[in-house]
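Novice: The following block contains a protein sequence and its predicted model.
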Amino acid sequence: MIFPITTFTAAIVLTVLFIILTARVSMKRQAENTPLGHGDNSPALTKAVRAQGNLAESMPLFIVLLYLVETNGASSMYVWPLAGFYCFVRLSHAIGISQQKDFSLLRTIGGGGTLLSLVALCVLLALQIVA
C-alpha cells in the first residue's frame with residue numbers, strides 16, 4: 001500500500017487553516033455579541049463566516065480526491081504541486097474575502113484555483129481509471 005504522505009500533509013495544513021478561520025469567526029461573534037449567524041448588519045462577521053464556510057465546503061472533496069489519486073499511484077510530481085497549489089489558493093481566498101473592498105484579486109485567485117485544483121484531480125483520477 002502506498003502511504004499517502006501528501007494527502008496527510010495537506011489535511012494537516014488545511015485543518016490548521018480551518019482552525020484559524022473558525023477561531024476568527026468565534027472572536028468576531030463574541031465581539032459583536034452574535035452567538036449564531038452573520039449578525040444583523042456586520043460585513044466583517046459575514047466575510048469571516050464565508051471564509052470559514054467556503055473552506056469547509058471544498059476541503060473534504062479535495063482531500064478525498066487527493067487521497068484517491070495518491071493511493072492509486074499517481075506520481076508525486078503531480079500530487080505535491082497540486083496539494084501545495086490548493087493550500088495556497090485556499091489561503092489566498094481566506095485573505096481576499098476578508099478584505100474591505102468588494103472585489104479582491106486574492107479571492108478570485110482562491111475561487112478559480114480551487115475549481116482548477118478539483119478539475120485537475122478529476123482528470124488525474126479519470127486517467128488512472130482508463131490506464
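Specialist: Everything's here; your move.
Novice: what stretches of this structure score poorly on pLDDT?
Specialist: 1, 39 (pLDDT under 70).
Novice: could you redo the last one with a cut-off of 80?
Specialist: 1-2, 35, 37-41, 100-102 (pLDDT under 80).
Novice: my guess is A94 contacts L55, does it?
Specialist: Yes. The pair A94 and L55 passes the contact test of CB atoms under 8 Å, sitting 6.8 Å apart. Where you see a C-beta, it was placed from the backbone N, CA and C, and this is true even at glycine.
Novice: Can you give the contact residues for stretch 43-58?
Specialist: 14, 17-18, 21-22, 24-25, 28-29, 32, 34, 37-39, 90, 93-94, 97-98, 114, 118 (CB atoms under 8 Å, 6 or more residues apart in numbering).
Novice: Only the buried residues of that stretch, if you could.
Specialist: 45, 47-52, 54-55, 58 (16 or more other CB atoms under 10 Å).
Novice: Next: stretch 17-30.
Specialist: For stretch 17-30, by 16+ other CB under 10 Å, it's 17-18, 21, 24-25, 28-29.
Novice: same deal with stretch 78-91?
Specialist: Applying 16+ other CB under 10 Å to stretch 78-91 flags 78-79, 82-83, 86-87, 89-91 as buried.
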